[in-house]
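J.: Need a 3D model of the sequence below.
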Amino acid sequence: WLSPRLLAIGGDAPMHQYPLQVLWGDALAGGELPIWNPYTMGGMPAFADSHAAYLYPPHLALLWAPPLLAMNWSIGLHLVLAGLGDYGVFDQVARTLRLIAP
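T.: Next comes the predicted model:
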């Protein structure tokens, strides 16, 4: 799950997210911002792509990691945050409906 060589999920992530992560790392290593992505759909904006989310704080925190490892850590972090959020919401709903003691 934390492997730098295997991605924890399939679907669109290997086809769309991985190239954006590689582009991000390569551009920053060259001292530039990835403004344009020449690899996806014959070229498209990279920095303005909402799927890339280059300025999203968890992505910035994982700049040190190789692309696949960063994606796996991001997936894990978001699963934990979603679980904690679900627990908080359902706990509050259950207390409001008096399904559990306050």
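J.: Apart from its neighbours in sequence, what residue is nearest the residue nearest to the spatial centre of the chain?
T.: The chain has Ser74 as the residue nearest its centroid, 4.7 Å off, counting by Cα atoms, centre = their mean. Of all residues not flanking Ser74 in the chain, Pro58 sits nearest, at 5.7 Å (Cβ to Cβ, 6 or more residues apart in numbering). Where C-beta positions appear, they are placed from N, C-alpha and C, glycine not excepted.
J.: Past the helix or strand containing the one you found, which element shows up next along the chain?
T.: In this structure, Pro58 sits in helix 57-61 according to DSSP states H and E. Sequence order places helix 67-96 as the next helix or strand after helix 57-61, per DSSP H and E.
J.: buried sites along that following helix?
T.: Pro67, Leu68, Leu69, Ala70, Met71, Asn72, Trp73, Ser74, Ile75 (16 or more other Cβ atoms under 10 Å).
J.: Adding distance to Val22 and pLDDT, write these out as TSV.
T.: Below are the buried residues of helix 67-96 laid out as TSV (distance: Cβ to Cβ, whole Å; pLDDT from 0 to 100):
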residue	distance to Val22	pLDDT
Pro67	5	82
Leu68	9	82
Leu69	12	84
Ala70	10	84
Met71	10	83
Asn72	15	84
Trp73	16	87
Ser74	15	85
Ile75	17	85
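J.: and Leu63, what is it in contact with?
T.: With contact taken as Cβ atoms under 8 Å, 6 or more residues apart in numbering, Leu63 is in contact with Trp24, Gly25, Leu28, Ala70.
J.: picking up where we left off before, next, count neighbours for the residue nearest to Ser74.
T.: Pro58 has 13 neighbouring residues, counting by other Cβ atoms under 10 Å.
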